[in-house]
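In: coords please:
(chains A, B, C and D)
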There are 2 protein chains.
Amino acid sequence: MGELPLVKKETAVLALGALAQEHRLALFRLLVRAGDKGMAAGAIAEELSVPSSSLSFHLTQLRNAGLILQERQHRSLIYRANYPAMNALVGYLMENCCAGGDCGTSTACEAPAQERKSA
Amino acid sequence: MGELPLVKKETAVLALGALAQEHRLALFRLLVRAGDKGMAAGAIAEELSVPSSSLSFHLTQLRNAGLILQERQHRSLIYRANYPAMNALVGYLMENCCAGGDCGTSTACEAPAQERKSA
DNA sequence: AGCACATTTCGATAATTCTGGAAACGTTCT
DNA sequence: AGAACGTTTCCAGAATTATCGAAATGTGCT
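Out: As a prediction, the model looks like this:
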């Protein structure tokens, strides 16, 4: 009965703040859909119709919040959703839901064992 | 395969924004724990050590976002967490997770059938 | 009616966040 | 080395958000 939190208050506020913005929410959900293969910044900018400098700002926000991961691939920077972080956030929100009783909160979204880059 | 969303983009941004603030996140989680019986504004203010005028501002934010419900009881205003709204928000966040595949996302937090006001 | 209590509204200030063009930076190809 | 490409950093202005004391509003008791 110590229940030390998996997510700190600060972390949660940061993550929620990162998602609380039209472009970033769309961006995050886009990456959630894109799955393991991720998307390049340029492709995202085009998809969302956001100028690259603005997009870069938003990508940084999401990255600081730990919600997305970055990886270089040739000239492009590839971004992917951080599923564990998302799950942790949701878990934090629902923590103590129903006064500690187990009310069916079993959230999980593993990075899908998707066909990893067919090369 | 129309998949019309249970939560609109705007609604989600509003809700996330409401939660993306130290005091409000604590407040919401407090109400989630408090359950069906809710809490009066004054009690919340004391618990969170926030001046009443500030608290009122935050309560309004959460209420506009649809995350909490208000009900008068004698001289006090009682606030309760809106569980369905919370569930819908979480559902929206994870929508299309794993590219539409069912990856174990079964989130639910019904307002607990708690001992409703033992009077 | 009059008084005390619970909470909200007003208002002015401080702090933070968003935006996008231009310039800088790192990578790849010839 | 030099050129082209993809992305980020810099910057300054615009917009939004948070704070809290004081005053106003609403409710219930006597």
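In: in chain A, which helix or strand is least confident?
Out: One helix or strand of chain A scores below all others by mean pLDDT, DSSP states H and E: helix A:83-94, with a mean of 92.
In: quick check, that helix touching chain B?
Out: Yes. Interface with chain B: helix A:83-94 contributes A:Tyr83, A:Met86, A:Val90, A:Leu93, A:Met94 (CB under 8 Å from any CB of the partner chain). The way it works is simple: take the backbone N, C-alpha and C, and place the C-beta from them, glycine included.
In: Report the distance from that helix to the chain centre.
Out: Here helix A:83-94 is found 10 Å from its chain centre; the criterion is CA atoms, centre = their mean, to the nearest Å.
In: Report all helices and strands that it contacts.
Out: Helix A:83-94 sits against helix A:9-19, helix B:83-94, with contacts defined as 3 or more CB pairs under 8 Å, 6 or more residues apart in numbering or on different chains; DSSP states H and E.
In: The very next helix or strand once past the shortest one near DNA strand D anywhere?
Out: As assigned by DSSP states H and E, the chain's next helix or strand after helix A:9-19 is helix A:22-34. No. Where contact is defined by CB under 7 Å from any atom of the strand, no part of helix A:22-34 touches DNA strand D; the two come within 10.8 Å at best.
In: what about the following helix or strand past helix A:22-34 and DNA strand D, any contact?
Out: Reading on from helix A:22-34 to the C-terminus, the next helix or strand found by DSSP H and E is strand A:39-40. Yes. Counting by CB under 7 Å from any atom of the strand, DNA strand D has neighbours in strand A:39-40: A:Ala40.
In: residues from chain A in reach of DNA strand C?
Out: Residues of chain A lying near DNA strand C (CB under 7 Å from any atom of the strand): A:17, A:20-24, A:50-54, A:57-58, A:61, A:72, A:74-75.
In: so how many other residues sit close to A:Lys8?
Out: 11 (other CB atoms under 10 Å in any protein chain shown).
In: Next up, the contacts around it.
Out: By CB atoms under 8 Å, 6 or more residues apart in numbering or on different chains, A:Lys8 lies in contact with nothing.
In: That one and B:Leu27, how far apart?
Out: 17 Å (CB to CB, to the nearest Å).
In: how close does the residue in chain A positioned nearest to DNA strand D sit to B:Val32?
Out: Nearest residue of chain A to DNA strand D, counting by CB to the nearest atom of the strand: A:Gly42, 2.0 Å away. Distance, A:Gly42 to B:Val32, by CB to CB: 41 Å.
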